[in-house]
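Engineer: I'll drop the sequence and a predicted model, then ask my questions.
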Amino acid sequence: MPYFDHKFSFPLELGDELSGFRLAYTTQGTLNETGSNVIWICHALTGNADPSDWWSGLVGPGKLYDPAHYFIVCANVLGGCYGSTGPLSNDPATGKPYFHSFPTLTIRDMVGALDLLRQELGIEQIHTCVGGSVGGQQAVEWAISQPKLIKRLILIATNAVFSPWGIAFNEAQRMALQADPTWVENRPDAGQNGLKAARSIALLSYRNYETYAFTQALDNNEQTDNYKAAGYQNYQGEKLVGRFNAFTYWLLTKAMDSHNVGRNRGSILNALSLIEAKTLVVGIHSDVLFPPSEQQFLARHIPDAVYEELESLYGHDGFLIEFKPLTQIIRKWVGEKGFKV
């Protein structure tokens, strides 16, 4: 996997700075002669730089975003744990991992780092920038800060400002981290039991009542223990612990909380009015974390935006699961002539 190393001071929105940073990224396909075929994918909370891994139904040969036609870029966000600079990276000032001392990041910081990577890659225009959830927060922020850069914008299950409801879910997860007695220690595996519990809390917002009723139903009417739903929560917690760390989880949920496109721009409406990209906003009817009303708000206030709604049993996670209907929605919006570069 290639890396972009920014070797200069990088000021952060809240006043701190990094003396430099690294971003892990992937590219697929070839940049055309006019530089007009860039698809930039922004990943969600625990995603990585390889969209073929977590969005395989949309990215790959014969898929919606086919490397035969597009130059597809995706980077692990600043603060991530899949090769980018984050809490487990060494602090140049001490030569030791940052752990708890890593500075607080915002979505704008993440976007600022992505834009420096864009410049390094010689990309002057982005045909389509697409993201769901936290990835959508990055995408909308980028489209506001660089109105001329992005030609098409696809925002899925995301919002203009993170809600008190969402912040409450994130805080409950961070409380789980704090309840783990190892969380205070400076070691890579600190807070693992807390992270397992945090992921279990998060799943309740990613799915919903109907999802669990359908996928985790009782085995029989006599069952009094060993429920599928309980096993599922434990399984998903263990699964995340195997690929993530508590420090990064804390950092990225804090960044998620900070999302507010109106900050220092007069108002949220004023900020959204700055977007010049042709915009598609997709909501998921069963999403309880980023409810459709938030996407409808985006579509109303981004100039000439189009709103579509995805029917899914899987709530917020629908954007990571419902590949076929999502592809159909995007193809319909783009149109047959506009789909090819």
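Structural biologist: Right, received. Where do you want to start? Numbering: from 1, shown residues only.

Engineer: just the terminal-to-terminal distance for stretch 284-292.
Structural biologist: One end of stretch 284-292 sits 6 Å from the other (C-alpha to C-alpha, to the nearest Å).

Engineer: which parts of that stretch are buried?
Structural biologist: If you call a residue buried by 16 or more other C-beta atoms under 10 Å, then stretch 284-292 has these buried ones: 284, 286-292. Backbone N, C-alpha and C define where each C-beta goes, glycine included.

Engineer: what number of residues lie near Asp180?
Structural biologist: The tally of other residues near Asp180 (other C-beta atoms under 10 Å) stands at 19.

Engineer: what's near enough to touch it?
Structural biologist: Counting by C-beta atoms under 8 Å, 6 or more residues apart in numbering, Asp180 touches 190-195, 197, 246.

Engineer: repeat that with 6 Å
Structural biologist: Neighbouring residues of Asp180 by C-beta atoms under 6 Å, 6 or more residues apart in numbering: 191, 193-194.

Engineer: can you check Ala179 too?
Structural biologist: Listed by C-beta under 6 Å, 6+ apart, the contact partners of Ala179 are Gly194.

Engineer: can you report phi and psi for it?
Structural biologist: Backbone torsions for Ala179, taken as degrees, to the nearest 10, come to phi -70, psi -20.

Engineer: next: Leu12.
Structural biologist: For Leu12, the backbone dihedrals (degrees, to the nearest 10) come out as phi -100, psi 150.

Engineer: state the distance from it to Pro147.
Structural biologist: 23 Å (C-beta to C-beta, to the nearest Å).

Engineer: again with Pro87
Structural biologist: 33 Å.

Engineer: more neighbours: which of those two?
Structural biologist: Between Pro87 and Pro147, counting by other C-beta under 10 Å, Pro87 is the more crowded of the two (25 against 12).

Engineer: what sits against the more buried one?
Structural biologist: By C-beta under 6 Å, 6+ apart, the contact list for Pro87 reads 98-99, 102, 247-248, 251.

Engineer: my read is it is in a helix, agree?
Structural biologist: No - applying DSSP: H, G, I helix; E, B strand; the rest coil, one finds Pro87 to be coil, outside a helix.

Engineer: do you know the pLDDT at it?
Structural biologist: pLDDT, Pro87: 98.

Engineer: residues near the residue lying closest to it once chain neighbours are set aside, how many?
Structural biologist: If the residues on either side of it in the chain are set aside, Pro87 comes closest to Phe247, at 3.5 Å by C-beta to C-beta, 6 or more residues apart in numbering. When neighbours are counted by other C-beta under 10 Å, Phe247 registers 26.

Engineer: what helix or strand is Phe247 on?
Structural biologist: For Phe247, the host element (DSSP states H and E) is helix 246-257.

Engineer: of the contacts of Asp180, closest to His6?
Structural biologist: Lowest distance from His6 to those (C-beta to C-beta) belongs to Gly191, with 28.4 Å.

Engineer: need the contacts of Asp180 in a markdown table (columns: neighbour count and pLDDT).
Structural biologist: As requested, the contacts of Asp180 are exported to a markdown table (neighbours: other C-beta atoms under 10 Å; pLDDT from 0 to 100):
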| residue | neighbour count | pLDDT |
| --- | --- | --- |
| Gly191 | 26 | 98 |
| Asn193 | 17 | 98 |
| Gly194 | 25 | 98 |
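
Engineer: quick one: which of these sit in strands?
Structural biologist: Counting by DSSP state E, no part of these is found in strands.

Engineer: distance to Gly318 for those residues - can I get that in a markdown table?
Structural biologist: Below are these laid out as a markdown table (distance: C-beta to C-beta, whole Å):
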| residue | distance to Gly318 |
| --- | --- |
| Gly191 | 29 |
| Asn193 | 29 |
| Gly194 | 27 |
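
Engineer: which of those residues sits closest to Leu177?
Structural biologist: For those, the nearest to Leu177 is Gly194 (3.9 Å; C-beta to C-beta).

Engineer: the closest one reaches Ala176, doesn't it?
Structural biologist: Yes - the criterion here is C-beta atoms under 6 Å, and Gly194 meets it with Ala176 at 4.9 Å.

Engineer: helices of the chain, start to end?
Structural biologist: For the chain, applying DSSP state H gives helices covering 51-54, 107-120, 134-145, 164-179, 192-206, 209-215, 228-241, 246-257, 268-273, 292-301, 323-334, 336-339.

Engineer: ranking those by burial, who's on top?
Structural biologist: Greatest average neighbour count among the helices of the chain goes to helix 134-145 (a mean of 26), per mean count of other C-beta atoms under 10 Å.

Engineer: helices or strands up against that one?
Structural biologist: Packing partners of helix 134-145 (3 or more C-beta pairs under 6 Å, 6 or more residues apart in numbering; DSSP states H and E): strand 38-42, helix 107-120, strand 126-132, strand 150-156.

Engineer: give the pairing partners of the first one; include direction for each.
Structural biologist: Strand partners for strand 38-42, identified by DSSP bridges, are recorded as strand 71-75 (parallel), strand 126-132 (parallel).

Engineer: so that strand versus helix 107-120, what angle?
Structural biologist: Angle, strand 38-42 to helix 107-120, by axes from the mean of the first three to the mean of the last three C-alpha atoms, to 10 degrees: 150 degrees.
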